[in-house]
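**Student:** could you work out the structure for the sequence below:
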Amino acid sequence: MKDYTRKLLEKAVDATEAAEILVDHGKSDVAAGRAYYAMFYIAEALLNEKGLKLSKHSGVHAAFGEKFAKTKEMDAKFHRWLINAFDKRVAGDYGVETDIETDVAKDMINQAREFLEAAQTYLKK
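**Tutor:** I've put the predicted structure just below:
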């Protein structure tokens, strides 16, 4: 595993842990954002292993879909989760009257954890 990939996965773990703390303190909107970033770092890490260094959200989303979901190297649900989480992050970060429910944020955190486990399994191959 490339060093940069490992660092991205560490950031994903940190973002997931931060999301859990935030949701436990009633900050679901912010927790959803951290859960999204965990997924973003995971997708970025996987792409890095294929020699692709992307930083724009749209580029990471599209490349992950093309290189992993469409090829079935990873379950397409992770691509769906990444895009859905992005939409929730945008709503939580920029929506004044948006209120992401605690259960939704917790689901996103669980998705981030499952995505991380799948990525780690993939990278061990």
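
**Student:** and the most centrally placed residue in the chain, what element?
**Tutor:** Against the mean C-alpha coordinate of the chain, by C-alpha atoms, centre = their mean, the closest residue is Met39 at 0.8 Å. Taking DSSP states H and E as the definition, one finds Met39 inside helix 28-49.

**Student:** flag every buried residue along the next helix-or-strand element following that helix.
**Tutor:** Tracing the chain past helix 28-49, the next element assigned as helix or strand by DSSP H and E is helix 57-64. Of all the residues in helix 57-64, those buried under the rule 16 or more other C-beta atoms under 10 Å are His57, Val60, His61, Ala63, Phe64. C-beta coordinates here come from the backbone N, C-alpha and C atoms, glycine included.

**Student:** most remote residue from the middle of the chain, which is it?
**Tutor:** In the chain, the residue that sits farthest from the middle, by C-alpha atoms, centre = their mean, is Glu97; the gap is 23.9 Å.

**Student:** for Ala15, give me its contacts.
**Tutor:** Arg34, Ala35, Tyr37, Ala38, Tyr41, Ala112 (C-beta atoms under 8 Å, 6 or more residues apart in numbering).

**Student:** great, nothing more from me.
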